[in-house]
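Enquirer: here is a sequence with its predicted model. Questions after.
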Amino acid sequence: MYDVVIIGAGVSGAASARELSRYKLNVCVVEKEEDVCCGTSKANSAIVHAGFDAAAGSLMAKLNVEGSQMMEELSKELDFHYKNNGSLVVCLHEEEKPNLQELYDRGVKNGVKDLRIIDREELVKLEPNISDEAVAALYAPTGGIVCPFGMNIAFAENAAVNGVEFKFDTEVTGLEKKGDNWVVKTSQGEIETRYVVNAAGVYADKFHNMVSDKKLHITPRRGDYCLLDRSTEGFVTHTIFQLPSKFGKGVLVSPTVHGNTLVGPTAIDIENKEGTNTTQEGIDELINKAGTTVKGLPIRQVITSFAGLRAHEDGHEFYIGELEDAKGFIDCAGIESPGLTSAPAIGKMVAEIVKDLTNAEEDPGFVGTRKGILDPKTLSNEERAALIKENPAYGNIICRCEMITEGEIIDAIKRPLGAKSLDGVKRRTRAGMGRCQSGFCSPRTIEILARERGVDPSEITKSGGNSKIIVGINKDRI
Amino acid sequence: MLNYDIVIIGGGPAGLAAAVSAKRSGVESILVLERDKELGGILNQCIHNGFGLHTFKEELTGPEYAGRFIDQLKDEKIEYKLNTMVMDIAPSKVVTAMNREEGMFEIQAKAIILAMGCRERSRGALNIPGYRPAGIYSAGTAQRLVNMEGYMPGREVVILGSGDIGLIMARRMTLEGAKVKVVAELMPYSGGLKRNIVQCLDDYGIPLKLSHTVVDIEGKERVEAITIAEVGPDRRPVPGTEERYTCDTLLLSCGLIPENELSRSLNVEMSPVTSGPLVNECLETNVEGVFACGNVLHVHDLVDFVSEEASAAGKHAAEYVLNGAKHKESNAKDIPIVATEGARYTVPKTINPDRMDEKHTVRFRVGDVYKNCYVSVYLNDQRIIHRKRPVVAPGEMEEVVLKKEELAAFSDLSQITVKIEEA
């Protein structure tokens, strides 16, 4: 019997789990995938939005600005990559300047600090590669970028250390009321709980609609992205948006916290909640649009493209709260952009709702800080040499593109909620995320995963389930 | 800090041959740095034969070929370090490297030979749409799994790209019990050697579909099907020509990219065509005392030519160490070699008629298939070579031999041009 079961170990679920772990509550997170951060949270723009986009007065606007303001301190507490790089909404046509003003006004209403409209001259100083067409921009110095995996994993690890239980490969199949409690039916059996938090991303409508008559409808809105090699580092330093207008919405061009350049997303409404396939049209659209706000984008430096699904609810708003017609069931639904930015505030809000319902006491044993995987690149040569002496695995480079050592990979596997698959290692360490896209390191990472987990290499998957990399041994079917 | 006369980055075929040659040219203090656990580089996973026809006049497997050079290296008592990653090379020729035993350490070199090889173009760089399941491998990764570790990466295979590794893997996967359904190639010609198409595809009845590409990858966890389609002259898929293959594996053999991240940190000037350094006839880059050879310089088809090129680099690096800047002294100018009209690039990019050997082989690739054409070389506007070729193709490296006496005899030589001329 749990106090709270959270459905989904994406960034909303993990943030909620971490905030709930401050209290004397018995919390469990159920996740249908083999790891945290496997859905919407892993494939998005990795942006910390300043908060001028969302409609004034909306919950979205409130949590966006709150989340954005919390991000820097939180990134230090939980040791994930965040950079306050500032963002620019670029206006390409003189006649659209009023739209820029509108955006500015909304931002001020939403409580975004330090917003300014800048002219072309200042814009060019900030971004030398800005399009020759750019006439002005809305400059949001509070905008930032974040490692989405890093934040999600940090929340989850910290929650786990503070006693939250995580059940992976556990798909929720049904929800039933039993007295005052809920029975969560899963692919791994039934779980009883007093409260349910529905943080199921694109599936949040499914679980909501199982228990409520006031239906939600979430459309998976696919966004394709192209990621450029780190050799493009510095091409832009701010996150560059195109001012939405009658000429179209445009795509963003942004640095990532690791020095890549990200271009995207498209916005295509689909039916399939697992439809994370890129399409030729989507990639073509990106390549065509990417050069609108910046000039000379080295699009040929693309190292991968991917697609993510935004959990777009028809009302375009965050739905967070206990349902009136299903007591004990707390929605955390409709979490689309700026969901990643808002995650810290979402977690806090969910935790406060549960605390108020349960009158839970704070847990004096709560540890609010977490140390991430040691990155030897941040050390001086002397420190690094000392580290290798102490643990030679840090002297063994496995991923040559990102220069990731065996020591980091072992840490990723051994820590709480450790990596079980190649993608799990990749999201935690960046091994395999570079320009060769794991061509060289995957056989070696498989070897390390198998050794550290004490399983046969054929058991190692790319991302859980049936995503096996090795299917047999030579000539086994001859 | 350690001190060596010559530090060689990479212990594959290029690094090995360069090291042996430098030693035999009179330099004692040589160190080879290899990131893998053994010398030999990619040859260790190339267990098929066909190596060494030019060098040893016999057919060897990749590991045997590497073994010959490793033996020479050991006979010459050349030092090497395994499992050692070079992290940085400063323009002052200080190499920062790392391994488990010694941690981070620095080496001051007098000369550096870049021999880092190349990597395969990945799915991401090809913009292939579809899902991103397990079962998509570059051909070389699959080759390592099968040939070095004994693991089958899949049962039913579609291959995109007809580069040599892809062709070799079509045969290997078949021999190990997999079904290779088709090889699709974007271009209207193969990127691999003719002999590999015959011996690896034709002999096993594997169809090669030219002017085709992958337009969809299905499967959320593991590849379930691949759809290919014909492409038009613009290399864009032609609607209505899609063919769907159920399979669990997609292998990619779509080109090799020289690994020059370290060269860039050294400010070595690069060719946009080869993605390798621009070098003179000594295989020296624009950074004095830094030489390049093998696939880091330009991607080769035959390891024999890698060894030949690397031997030259080793010899010149030794001359640089022994003679200092004097090795560059010359009574003549460096003459640029211009590749045009079908020729895409040349190695070297410049040649010095005074410094060059009696004969110098210039290697290049063509940009398209030409039949019944001539490979021509001009000194200024005078044609000195006009060699008939029944067919030249991008997948097979071409060469012309320049003679010192011819270049020296030509007064006011300002440019050498290599081109393909129609019959």
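Expert: Thanks, I have the structure now.
Enquirer: now chain A against chain B: closest residue?
Expert: Here chain A gets closest to chain B at one residue, residue A:304, 3.1 Å apart by Cβ to the nearest Cβ. Bear in mind the C-beta positions are built from the backbone N, C-alpha and C, glycine included.
Enquirer: which residues touch the residue nearest to that residue when sequence neighbours are not counted?
Expert: Nearest non-adjacent residue to residue A:304, counting by Cβ to Cβ, 6 or more residues apart in numbering or on different chains: residue B:124, 3.1 Å away. The contact partners of residue B:124, by Cβ atoms under 8 Å, 6 or more residues apart in numbering or on different chains, come to A:227, A:302, A:303, A:304, A:305, A:437.
Enquirer: mind putting the residues you listed into JSON lines with secondary structure?
Expert: Shown next, in JSON lines, are the contacts of residue B:124 (DSSP: H, G, I helix; E, B strand; the rest coil):
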{"residue": "A:227", "secondary structure": "strand"}
{"residue": "A:302", "secondary structure": "strand"}
{"residue": "A:303", "secondary structure": "strand"}
{"residue": "A:304", "secondary structure": "strand"}
{"residue": "A:305", "secondary structure": "strand"}
{"residue": "A:437", "secondary structure": "coil"}
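Enquirer: Throw those into JSON lines and include pLDDT and neighbour count, thanks.
Expert: Listed next are those as JSON lines, based on pLDDT from 0 to 100; neighbours: other Cβ atoms under 10 Å in any protein chain shown:
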{"residue": "A:227", "pLDDT": "97", "neighbour count": "22"}
{"residue": "A:302", "pLDDT": "95", "neighbour count": "25"}
{"residue": "A:303", "pLDDT": "95", "neighbour count": "22"}
{"residue": "A:304", "pLDDT": "96", "neighbour count": "21"}
{"residue": "A:305", "pLDDT": "96", "neighbour count": "24"}
{"residue": "A:437", "pLDDT": "94", "neighbour count": "25"}
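Enquirer: quick check: which element contains residue A:409?
Expert: helix A:406-414 (DSSP states H and E).
Enquirer: for that helix, buried residues please.
Expert: Within helix A:406-414, the residues scored as buried using 16 or more other Cβ atoms under 10 Å in any protein chain shown are A:406, A:407, A:408, A:409, A:410, A:411, A:412, A:413.
Enquirer: gap between stretch B:162-175 and the chain center?
Expert: 18 Å (Cα atoms, centre = their mean, to the nearest Å).
Enquirer: now for residue A:374, how many residues are close by?
Expert: As a burial measure, residue A:374 scores 16 neighbours (other Cβ atoms under 10 Å in any protein chain shown).
Enquirer: from what I can see it touches residue A:410, true?
Expert: No: using Cβ atoms under 8 Å, residue A:374 is not in contact with residue A:410, being 10.9 Å away.
Enquirer: would residue A:394 count as being in a helix?
Expert: Yes: counting by three-state DSSP, residue A:394 is found in a helix.
Enquirer: who's in contact with it?
Expert: A:376, A:384, A:387, A:388, A:405, A:406, A:407, A:408.
Enquirer: okay, and the helix or strand of chain B with the least pLDDT?
Expert: helix B:123-126 (a mean of 90; mean pLDDT, DSSP states H and E).
Enquirer: surely residue A:464 touches residue B:133?
Expert: No: at 11.5 Å, residue A:464 does not count as touching residue B:133 under the criterion of Cβ under 8 Å.
Enquirer: now for these two: what residues contact both?
Expert: Joint contacts of residue A:464 and residue B:133 (Cβ under 8 Å, 6+ apart) are residue B:221.
Enquirer: those two - which one has more neighbours?
Expert: Using other Cβ under 10 Å, the more surrounded residue of residue A:464 and residue B:133 is residue B:133, with 22 against 19.
Enquirer: which residue does chain B bring closest to chain A?
Expert: residue B:124 (3.1 Å).
Enquirer: who touches the helix holding residue A:409?
Expert: With Cβ under 8 Å, 6+ apart as the criterion, helix A:406-414 contacts A:373-376, A:387, A:391, A:393-398, A:418-420, A:424-425, A:428-429, A:431, A:445, A:448-449, A:452-453.
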